[in-house]
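Visitor: Make a model of this:
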Amino acid sequence: MEAKAVWVAGRQFVGESGSGHAMVMDASAKGGGRNTGASPMEMLLLGMAGCTGIDVVSILEKGRHAVTGLEVAVRAERTQWPPMVFTQIEIEYLVRGQNLPEKAVQRAIELSESKYCSASIMLGKTAKISSSYTIVEG
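Guide: All right, here's what the predicted structure looks like:
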């Protein structure tokens, strides 16, 4: 796996994944940037949300459960001194589907967080991760 970030101006970089996808990263005005893109730390949280989301949908589908939607909201706290790592992360899953068994949703989330999602497992080395979920019919 490869990635690169190319400096554009100020504190703005364009990141490019090895598969050719590009995204803008920037610091906030407070950090000397112009806030024209997500910060690198926000990108870590986005990666974690996407990683666990992909796992949960995949696990539910493999179990032949009728999942129709998933939203993964992530909130984090960081230390106030450099390197300002995440210390606490809360993940909230909003799972939509038809007759989704609660045990299946719980199990999918548990498997993602403990076995499959490398992003959350890696971030869990410095942060306490907690999660909750809501199941919505439809």
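
Visitor: Now do the same for Gly31: its pLDDT.
Guide: Note on Gly31: pLDDT of 86.

Visitor: Let me fix that, I meant to ask about Ser28.
Guide: Looking at Ser28, the pLDDT reads 89.

Visitor: residues touching the residue nearest to it when sequence neighbours are not counted, list them.
Guide: Distances taken as Cβ to Cβ, 6 or more residues apart in numbering put Asn35 closest to Ser28, at 5.0 Å, once the chain neighbours are dropped. C-beta coordinates here come from the backbone N, C-alpha and C atoms, glycine included. When contacts are counted by Cβ atoms under 8 Å, 6 or more residues apart in numbering, Asn35 touches Asp26, Ala27, Ser28, Ala29.

Visitor: Tell me the one of these nearest Arg75?
Guide: Ser28 (17.3 Å; Cβ to Cβ).

Visitor: ok, how many other residues are close to the closest one?
Guide: 12 (other Cβ atoms under 10 Å).

Visitor: Look up how far Pro40 lies from it.
Guide: Distance, Ser28 to Pro40, using Cβ to Cβ, to the nearest Å: 12 Å.

Visitor: Also Gly18?
Guide: 17 Å.

Visitor: Ala127 now?
Guide: Taking Cβ to Cβ, one finds Ala127 at 16 Å from Pro40.

Visitor: Next: Val74.
Guide: 15 Å.

Visitor: now Met48
Guide: 13 Å.

Visitor: sec struct for Phe13, please.
Guide: strand (DSSP: H, G, I helix; E, B strand; the rest coil).

Visitor: Counting neighbours, what do you get for it?
Guide: Neighbours of Phe13 (other Cβ under 10 Å): 20.
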